[in-house]
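A.B. asks: Next input, structure requested:
(2 chains)
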Amino acid sequence: MAIRFMDPKLLEGIRQYVNNDPEFRLASKFVIADILLGVGDSECIVKIREGSISEIQLNPTFMDAWSFYIRSTEDAWNKFLLPVPPPKHNGLFSAMISQIFKVGGNLEMAFSYFWAVCRMLDLFREVQNN
Amino acid sequence: MTNIEPTTGKYIRLTVQGVEYRVYFEESGQGIPLVCQHTAGSDCRQWRHLLNDAEVTSMYRVIAFDLPYHGKSLPPETLEWWKEEYRLHKSFLFDFHTEFGKALGLERPVYIGCSMGGHLAPDLALERPDIYRAVIGVQGTAHSGHSTEIWWYHPKVSNDFRFHAMMAMQSPTSPEKYRRETAWEYSQSAPFVFKGDLYYYFAEHDVTKTAENIDTSRCAVYLMAGEYDPDANPDEGRRLAGMIKGSKFVAMEGLGHFGMCENYPVFKTYLMPFLREIANTD
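C.D. replies: Take a look at the predicted model:
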């Protein structure tokens, strides 16, 4: 199944959906980060600015900077985004320590902003199944 | 109308390895003592559902404590603990359980522990088989071979990280209110405690080559593993059980790393056969 947060036709709706979530707004209140999400060979950068996603940029180039990345295969993302994900795919931390998802770059920032990142991914799961 | 739970909380002064600690514990019920060991970086609140389960407390005197530095058990008053790195050691756990049982006058108690408490189950059965008549290890393995511990205590990474990391250690089918409660407890320990506890979990616990020496006729061994635990998963639990002749193992579907507090009704369906068997073996 196609990953919806990588679909150019759905990006604006997804951005608004996440930004309307009260927990995400709370969790991202102090977050300033550009998060590269990699799904197989496809990539996007989610830009979070103090309480909301300001932009989801598809197909970034080498000129586009990012703070940290979360990468995995399309198959793993599809499992992660299932309504009831299988073991080791049910959350960023479990997928990370199982080495199914790769997280890299500025880890200090990634772990400092873990709540906002996890909530955003939970909302991407809702979007994927809505 | 009052609605007071049967669980009571008390403090006891315990001397362990020459240091006095003021230790908090809760208890409920009558019968065979069942001593509950919390996970790393958390406290005895994880066992609140077991403490309030009349079916269990009609058979067992359920007792759950906060280890020193955890929950309501403060650091000791006689040590300048702020001048040294906190690390939990296996020898301390052994001596603590010995002294705790003696102080309460527990006769042939039963042990249950989760995560680092699950690791402690085979360690107790192997090296201190006379403290407990039986040990129940939840999410225990022979050895946890990897560590992410540097990020568990970092001045720029808050307790939020622990909270949301632990959310992912639980089953998505467990009620959200209890998954959040379990993570809440993780977000409340002193900043360095979880990392210090993991020293025992990652560095000291290793029964890979010794588990086969456990004599289950002296101390019976029961092992439980939830399918959503990315580390101490059923494969690891089954592997440990295979090393211990006479042990019993159950894989728990729909549970993660914290069965007793993330979804107690499901956890209970797996636990009760073990508790009944231990009681009937007496």
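A.B. asks: buried stuff in the longest helix seen in chain A?
C.D. replies: Of all the segments of type helix in chain A, defined by DSSP state H, the longest one is helix A:114-129. Of all the residues in helix A:114-129, those buried under the rule 16 or more other Cβ atoms under 10 Å in any protein chain shown are A:114-125, A:127-128. C-beta coordinates here come from the backbone N, C-alpha and C atoms, glycine included.
A.B. asks: cool, stretch B:53-67 as well?
C.D. replies: Neighbour-count burial for stretch B:53-67 [16+ other Cβ under 10 Å]: B:53, B:56-57, B:59-67.
A.B. asks: Skipping adjacent residues, who's closest to the closest residue to chain B within chain A in space?
C.D. replies: Ranked by Cβ to the nearest Cβ, the top residue of chain A for proximity to chain B is residue A:91, at 2.4 Å. Spatial nearest neighbour of residue A:91, excluding adjacent residues (Cβ to Cβ, 6 or more residues apart in numbering or on different chains): residue B:168 at 2.4 Å.
A.B. asks: Help me see whether the helix or strand where residue A:70 lies makes contact with chain B, please.
C.D. replies: Taking DSSP states H and E as the definition, residue A:70 sits inside strand A:68-72. No. Judged by Cβ under 8 Å from any Cβ of the partner chain, strand A:68-72 makes no contact with chain B; its nearest approach is 12.8 Å.
A.B. asks: now that strand against helix A:114-129, angle please.
C.D. replies: Inter-element angle recorded for strand A:68-72 and helix A:114-129: 40 degrees (by axes from the mean of the first three to the mean of the last three Cα atoms, to 10 degrees).
A.B. asks: Which positions in strand A:68-72 come out as buried?
C.D. replies: A:68-72.
A.B. asks: Can you pull out the residues in contact with it?
C.D. replies: Here strand A:68-72 makes contact (Cβ atoms under 8 Å, 6 or more residues apart in numbering or on different chains) with A:33, A:35-39, A:80, A:92, A:95, A:100-107, A:109-110, A:117.
A.B. asks: Do me a favour and average the pLDDT over the helix ranked longest in chain B.
C.D. replies: Scanning chain B for the helix with the most residues, using DSSP H, yields helix B:264-281. The predicted model assigns helix B:264-281 a mean pLDDT of 98.
A.B. asks: what does stretch A:90-100 give?
C.D. replies: For stretch A:90-100, the per-residue pLDDT averages 96.
A.B. asks: tell me how far that stretch is from the chain's mean position?
C.D. replies: Distance of stretch A:90-100 from the chain centroid (Cα atoms, centre = their mean, to the nearest Å) equals 13 Å.
A.B. asks: Please spell out which residues along it are buried.
C.D. replies: Neighbour counts using 16+ other Cβ under 10 Å place A:90-97, A:100 of stretch A:90-100 among the buried residues.
A.B. asks: my guess is residue B:160 contacts residue B:187, does it?
C.D. replies: Yes. If you go by Cβ atoms under 8 Å, residue B:160 and residue B:187 touch, sitting 6.9 Å apart.
A.B. asks: The residue nearest to residue B:112 when sequence neighbours are not counted: what's it in contact with?
C.D. replies: Distances taken as Cβ to Cβ, 6+ apart place residue B:136 nearest to residue B:112, at 4.1 Å, with adjacent residues excluded. Residues near residue B:136 by Cβ under 8 Å, 6+ apart: B:110-113, B:121, B:222-224, B:271, B:274.
A.B. asks: Give me the subset of these lying in helices.
C.D. replies: Filtering the contacts of residue B:136 for helices - DSSP H - leaves B:121, B:271, B:274.
A.B. asks: Identify the residues contacting the first one.
C.D. replies: Going back to what we said before, that points to residue B:121. With Cβ under 8 Å, 6+ apart, residue B:121 has these contacts: B:111-113, B:135-137, B:140, B:221, B:223.
A.B. asks: Would you format those residues as JSON lines with pLDDT included?
C.D. replies: Formatted as JSON lines, the contacts of residue B:121 follow (pLDDT from 0 to 100):
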{"residue": "B:111", "pLDDT": "99"}
{"residue": "B:112", "pLDDT": "99"}
{"residue": "B:113", "pLDDT": "98"}
{"residue": "B:135", "pLDDT": "98"}
{"residue": "B:136", "pLDDT": "98"}
{"residue": "B:137", "pLDDT": "98"}
{"residue": "B:140", "pLDDT": "97"}
{"residue": "B:221", "pLDDT": "98"}
{"residue": "B:223", "pLDDT": "98"}
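A.B. asks: Okay, buried residues for whichever strand or helix holds residue B:183 please.
C.D. replies: For residue B:183, the element it lies in under DSSP H and E is helix B:176-186. By 16+ other Cβ under 10 Å, the buried positions in helix B:176-186 come out as B:178-179, B:181-183, B:185-186.
A.B. asks: What lies in contact with that helix?
C.D. replies: B:41-43, B:45-46, B:159, B:162-164, B:166-167, B:170, B:194, B:258, B:261-264.
A.B. asks: one step back: go through the ones in helices among the contacts of residue B:136 and name the one nearest residue A:12.
C.D. replies: residue B:271 (49.2 Å; Cβ to Cβ).
A.B. asks: Alright, that wraps it up for me.
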